[in-house]
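1. quick one, fold the following:
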Amino acid sequence: MAAASEIALGIDLGTTNSCAAYVQEGRPRIIPSGKGYATVPSVVGFSKKGEIIVGHPALDQMVTNPADTIYGSKRLIGRKFNSLIVEKMRQTMMYPIVEGPDSETAVLLGGKVFTLPRIAGLILTEIREMAQGQLQHEIRRAIITVPAYYSDNQRQAVKDAGEMAGFQVERIVNEPTAAAIAYGFNKGFNQKILVYDLGGGTFDVSILHVHGNEFQVLATGGDTFLGGVDFDTRIAEYALQKFQEASGKDIRTEKVAMQRVRAAAERAKRDLSTEKSVKVHLPFITEINADPVDLALSLSREQINRLTGDLVERTLGICDEVLDSVGMKKSELNEILLVGGQTRMPLVQGKIHEHFARAPRKGVHPDEVVALGAAVLANPEAVSATVTLKDVLSIPIGVALGSGRLKVIMDRNIPLPATKSYKVALQDGQGLEIDIYQGDKPQILEDEYLGTFQFPAPTKGEKGGRQLEMKFDLSPECLLRVQARDLDSGEETSAHMVTLQTPKSLKESMARAVKEQGGQKTKWFSALAQRILGQG
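-> Okay, the predicted model is just below:
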């Protein structure tokens, strides 16, 4: 057994279930829960005894105590309370969703406000304690996976959650990338693969070139509000509609009844992956005129296919967009890799087979593969092999135009490192001051400000316009260097800026650089300190 300091976990923090793995004798292995399951429910509850419970005990009370049982919180983490997505979830979740510190989304649990990183931290603490019990070692280090299309705020919230659980979070890795590592590690492949990751709450798709143990991300995309929960909701709504038609009563305001219907919808969906039809029977679901009434109906696989078919089509549309972004044809793919529990659904597998004209690979476990890949990445010494990741820019970078719109300079999915040029014409006696933004929205107000780049005005007395060539350089760690050169005089100036994908360690280095400027701070450094790093 490795020493305690050498053990690091790979953790898949899921919407519905979470999974952890480590490396033993050169191979990644899943850490089972105390009850012997490979996964831990991503559920936190407040019991009737006044205790916080996590995992299976919390899941067990979900039907009887829905208002104090937090599930699906991965969809909320790192989101602002006033966002449209959060407003939608407030209308459907059984537990109270409230505004927390700094306008972030939070929840009420046992009458107290809990931030979403704290909820995730409780789940990660359960995983850490479970692993320490299994391995008989203290564990501090971890790599945690997130959906490929998570924003920087969401990624930071997950990292904060890991630190709350006592982990040193060495890296946040995209789930499809981790899955690809588990699939291709030490296999000697030279393939282009599409990772189709449809989990409980999110959908991700990534295209990678796997060449030996080098994993190059070619393109990525997704929808952080599309997953198995939405399939369950469609089935539950159908059951509620049928019950109302038969009984004349709408039970959508009855929390316990609603949670029972949701749980039954999920069970029916799972059963219909292997059965052609099922019967749903919920005795005493409500009362009508003081008489108990049951909910009973039959569901067929064909019915749920009709109810959820458009959700699968949405995922395929995203796949096509990602392929188009790098000019790839479906026929160029060597494998389609399925990740996430929702990919067990025959409709999903059938639609993928039809859409890509090839059967998806089923040789990996959809619930475990992400954690296994993260464990390989977390334990390079233990696997005795070098794993190389080559990533892409997931969020475009550009400059602000006078109209308030963003002119994209570096496109999404450009391979890292990357260089792009941009020419600017200056009028007589004019200097350059241009704001740099990162985002995929046309209006800069909806994007993230990175910094202001400045080029000095000509010395007094110089006449005539000038041509500047700006160069944008992105390092493999996604640190941005902006440089400008006067094409006539050769005069140059440059500046560095952190991006949404810059690792925390580099952001801290930038903060130190700002501090070391002391009284010699340039205008750009002052703007960076004040507007990005929160310093003055």
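2. show the contacting residues for the nearest residue to residue 224 once chain neighbours are set aside.
-> Closest residue to residue 224 apart from its sequence neighbours, by C-beta to C-beta, 6 or more residues apart in numbering: residue 202 at 4.9 Å. All C-beta atoms are positioned from the backbone trio N, CA, C, and that covers glycine. If a contact means C-beta atoms under 8 Å, 6 or more residues apart in numbering, then residue 202 has 15, 74-75, 147, 149, 222-227 as its contacts.
3. how near is residue 202 to residue 368?
-> Distance of residue 202 to residue 368, computed by C-beta to C-beta, to the nearest Å: 17 Å.
4. coming back round to it: any chance of the contacts of residue 202 in a markdown table, plus pLDDT?
-> Conversion of the contacts of residue 202 to a markdown table gives the following (pLDDT from 0 to 100):
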| residue | pLDDT |
| --- | --- |
| 15 | 92 |
| 74 | 91 |
| 75 | 89 |
| 147 | 87 |
| 149 | 76 |
| 222 | 85 |
| 223 | 86 |
| 224 | 78 |
| 225 | 83 |
| 226 | 91 |
| 227 | 93 |
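5. buried subset of these?
-> 15, 74-75, 147, 149, 222-224, 226-227 (16 or more other C-beta atoms under 10 Å).
6. between the residues you listed, which is nearest residue 414?
-> residue 149 (16.1 Å; C-beta to C-beta).
7. that closest one contacts residue 206, correct?
-> No - counting by C-beta atoms under 8 Å, residue 149 stays clear of residue 206, with 9.7 Å between them.
8. what do those two both touch?
-> 220-221.
9. spatially central, which residue of this protein would that be?
-> With distances taken as C-alpha atoms, centre = their mean, residue 147 lies nearest the centre of the chain, 2.5 Å away.
10. got the CA positions of stretch 246-263 in PDB?
-> In PDB, the C-alpha atoms belonging to stretch 246-263 read as follows (Å, rounded to 0.1, in the frame of the first residue of the first chain):
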ATOM      1  CA  ALA A 246     -59.100  10.200 -13.700                       C
ATOM      2  CA  SER A 247     -59.600  11.800 -10.300                       C
ATOM      3  CA  GLY A 248     -60.200  15.500 -11.000                       C
ATOM      4  CA  LYS A 249     -57.500  16.500  -8.400                       C
ATOM      5  CA  ASP A 250     -54.200  18.200  -9.000                       C
ATOM      6  CA  ILE A 251     -51.700  17.000  -6.400                       C
ATOM      7  CA  ARG A 252     -48.700  19.100  -7.600                       C
ATOM      8  CA  THR A 253     -48.800  21.300  -4.400                       C
ATOM      9  CA  GLU A 254     -48.600  18.200  -2.100                       C
ATOM     10  CA  LYS A 255     -44.900  17.800  -1.500                       C
ATOM     11  CA  VAL A 256     -44.800  14.300  -0.200                       C
ATOM     12  CA  ALA A 257     -47.100  13.100  -3.000                       C
ATOM     13  CA  MET A 258     -45.000  14.900  -5.600                       C
ATOM     14  CA  GLN A 259     -41.800  13.300  -4.300                       C
ATOM     15  CA  ARG A 260     -43.400   9.800  -4.400                       C
ATOM     16  CA  VAL A 261     -44.500  10.400  -8.000                       C
ATOM     17  CA  ARG A 262     -40.900  11.600  -8.900                       C
ATOM     18  CA  ALA A 263     -39.400   8.600  -7.300                       C
END
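11. residues of stretch 257-272 that come out buried?
-> 257-266, 268-270, 272.
12. ok, residue 89 - how many residues close by?
-> 19 (other C-beta atoms under 10 Å).
13. tell me where the stretch 201-350 of the chain has helices.
-> 228-247, 255-271, 301-325, 346-356 (DSSP state H, counting those that start in this stretch).
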